[in-house]
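Novice: The sequence and its predicted three-dimensional model are supplied below.
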Amino acid sequence: MSAGSRIGGRRVLIIAALAIAVVIGYIATQTLQSSAVYYLTPTEAATRAIRVGQTARIGGQVVPGTLVYEPASRSLTFTLSDGVTKLPVVGSGAPPGLLREGAGAVVEGVFAADGTFRATQVIAKHDEVYTAPTGSIPPAHQTPAP
Amino acid sequence: MIDSIARPTAAIRARPVLGAASVVALFVALWMALIWSPPDAAMGNVVRILYVHVANAWLAYLAFVVVFLASIAYLWTKRPAFDAIAVASAEIGVLFTGLTLVLGSIWAKPTWGVWWSWEPRVVTTAVMFAMYVGYLLLRNLSNDLERRATRAAVLGIVLVVDVPIVHLSVTWMNALHQLPTVLRPDLSPTLDPRMLASLVAMTIAFTIVYAYLMTARVDIERRRQARIIEARA
């Protein structure tokens, strides 16, 4: 093989590798954008008619005024909302430090027969805003409903 | 074909300077991140993990983009120096991707409330870690310098596709990771100016550390290449 054709072969390799990268990138982005789901919103969960006892992951905003934690019984209740559908959540154990009313949360668990969501795991979601504490004024850490 | 092996290059002469600059930049950035910048209104002092976690992730991105560029340059020119740059950068990238995952986990427990969740950016970052470990393993399948470098270069070009996927995953899907704070479409970072300055300082410091590690690791690889070529001759 001459030096010239070897160089040509390497250029073909570069083009082939770039083409593979573009194809993989295209397929991955299309699939991830259209069908990969980390959590359902309460509305999506309602339309999918998830069976009682089936594991699901639901995300939304903690409705202000609904977050109650009783340290004695370790019972944790709050309502998740996406602005349209509200979902009452029953969990147990201390809530994560960043679980706030008006902020985002993701819960894993099952739907109970009475329509409540029994969370085995409560995860707090932090938004992209970071601010210094400003005395008595509470920070505007509000996660918009998905 | 074999150029300037084991000849001290400008990069190697710059190594002590880069080492000293790394130490100074890291101390300045640490002081800014730990003492000068304010705590976060919601997270408190836990927010200070941000500076290292994000700088780690930046370095992983940078390292894998360098692997990509060096891989193209190797296939284009067939110079072993570019293969040395690719392997050095891939090893550093794997190290910092691993550190990103570990620090992210440590940050997740006090904020999200869990050590780990298979959310989009965590998944794509874990995939990136596994793929570049695979890249390093592939390099050991052949002792033939040229064959090894060519195979690795093709993979080094293909794998870079995960870097933008990791970065954009949070905008495609609902995720636990927050949306971009600094690189936003409206170009107005949503964090305290002192926090932003600390993050920029830490990112610069980590980039100098990367340059220092690269000069050391590339030098080692060039010596290895020279030994293999000597043994063959």
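Specialist: Here it is on my side, so go on.
Novice: Count the residues that sit near the nearest residue to A:Pro133 once chain neighbours are set aside.
Specialist: Among residues not flanking A:Pro133 along the chain, B:Ala41 sits closest, at 4.6 Å (CB to CB, 6 or more residues apart in numbering or on different chains). The C-beta positions use only the backbone N, C-alpha and C, and glycine is treated the same way. Residues near B:Ala41, counting by other CB atoms under 10 Å in any protein chain shown, number 19.
Novice: need the helices for chain A, in chain order.
Specialist: Counting by DSSP state H, chain A has helices at residues A:3-35, A:42-48.
Novice: Please work out which of these is packed deepest.
Specialist: Among the helices of chain A, ranked by average contacts under mean count of other CB atoms under 10 Å in any protein chain shown, first place goes to helix A:42-48 (a mean of 17).
Novice: Now do that one: which elements does it pack against?
Specialist: Applying 3 or more CB pairs under 8 Å, 6 or more residues apart in numbering or on different chains; DSSP states H and E, one finds that helix A:42-48 contacts strand A:55-62, strand A:86-92.
Novice: redo that, cut-off 7 Å
Specialist: Packed against helix A:42-48 by the contact rule (3 or more CB pairs under 7 Å, 6 or more residues apart in numbering or on different chains; DSSP states H and E) you find strand A:55-62.
Novice: Does the strand it packs on reach chain B?
Specialist: Yes: under the criterion of CB under 7 Å from any CB of the partner chain, chain B is reached by strand A:55-62 at A:Gly59.
Novice: ok and the residue in chain B nearest chain A?
Specialist: B:Gly113 (2.5 Å; CB to the nearest CB).
Novice: Check the spacing between the residue nearest to that residue when sequence neighbours are not counted and B:Lys109 real quick.
Specialist: Excluding its sequence neighbours, the residue lying closest to B:Gly113 (CB to CB, 6+ apart) is A:Pro96, at 2.5 Å. In this view, A:Pro96 and B:Lys109 are 9 Å apart by CB to CB, to the nearest Å.
Novice: and the two? which has more neighbours close in?
Specialist: A:Pro96 (21 against 14).
Novice: Now chain A against chain B: closest residue?
Specialist: A:Pro96 (2.5 Å).
Novice: so what's that residue up against?
Specialist: Contact analysis of A:Pro96 by CB atoms under 7 Å, 6 or more residues apart in numbering or on different chains lists A:122-124, B:112-113.
Novice: Which of the residues you listed are buried, as a PyMOL select command?
Specialist: In PyMOL, this line selects whichever of those come out buried by 16 or more other CB atoms under 10 Å in any protein chain shown:
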select buried, (chain A and resi 122+123+124) or (chain B and resi 112+113)
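Novice: From the contacts of A:Pro96, pick the one nearest B:Ala231.
Specialist: Of all those, B:Trp112 has the smallest distance to B:Ala231: 52.7 Å, by CB to CB.
Novice: And the residue nearest to A:Pro133, how close does it get to B:Glu91?
Specialist: Distance, B:Ala41 to B:Glu91, by CB to CB: 39 Å.
Novice: show me where chain B has helices.
Specialist: Counting by DSSP H, the helices of chain B are B:10-13, B:15-31, B:49-77, B:80-111, B:120-139, B:145-159, B:162-172, B:193-232.
Novice: would you turn these into TSV with mean pLDDT and distance to chain A?
Specialist: Listed next are the helices of chain B as TSV, based on pLDDT from 0 to 100; distance: least, CB to the nearest CB, whole Å:
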stretch	mean pLDDT	distance to chain A
helix B:10-13	74	25
helix B:15-31	94	17
helix B:49-77	95	5
helix B:80-111	95	5
helix B:120-139	94	6
helix B:145-159	93	4
helix B:162-172	87	5
helix B:193-232	92	5
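Novice: Any idea which of those helices gets closest to A:Ser34?
Specialist: With CB to CB, the closest approach to A:Ser34 among these belongs to helix B:162-172: 9.2 Å.
Novice: relative to helix A:3-35, how tilted is that closest one?
Specialist: Between the axes of helix B:162-172 and helix A:3-35, defined by axes from the mean of the first three to the mean of the last three CA atoms, to 10 degrees, the angle is 20 degrees.
Novice: pLDDT weak spots in chain A?
Specialist: Applying pLDDT under 70 to chain A flags the ranges A:1-8, A:134-146.
Novice: Contact residues of it facing chain B?
Specialist: Contacts of chain A with chain B, taken as CB under 7 Å from any CB, map to A:10, A:13-14, A:17-18, A:20-21, A:24-25, A:28-29, A:32-33, A:36-39, A:59, A:96-98, A:106, A:121-134, A:139, A:141, A:146.
Novice: For B:Val122, see how far away B:Val114 is.
Specialist: To B:Val122, B:Val114 is 11 Å away according to CB to CB.
Novice: and if you look at A:Val129?
Specialist: Distance of A:Val129 to B:Val122, given as CB to CB: 21 Å.
Novice: Ok, A:Tyr69 next?
Specialist: Taken as CB to CB, the span from A:Tyr69 to B:Val122 is 27 Å.
Novice: Tell me which of the two has more neighbours.
Specialist: More crowded of A:Tyr69 and B:Val122, by other CB under 10 Å: B:Val122, with 21 against 16.
Novice: For the residue nearest to the spatial centre of chain B, which residues are in contact?
Specialist: The centre of chain B sits closest to B:Ala60, judged by CA atoms, centre = their mean, with a distance of 2.2 Å. Residues near B:Ala60 by CB under 7 Å, 6+ apart: B:93, B:96-97, B:100.
Novice: Present these as CSV; the columns should include distance to B:Tyr74.
Specialist: Below are the contacts of B:Ala60 laid out as CSV (distance: CB to CB, whole Å):
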residue, distance to B:Tyr74
B:Gly93, 16
B:Phe96, 22
B:Thr97, 22
B:Thr100, 26
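Novice: Which of the residues you listed sits closest to B:Tyr51?
Specialist: Closest to B:Tyr51, out of all of the contacts of B:Ala60 and judged by CB to CB, is B:Thr100, at 12.8 Å.
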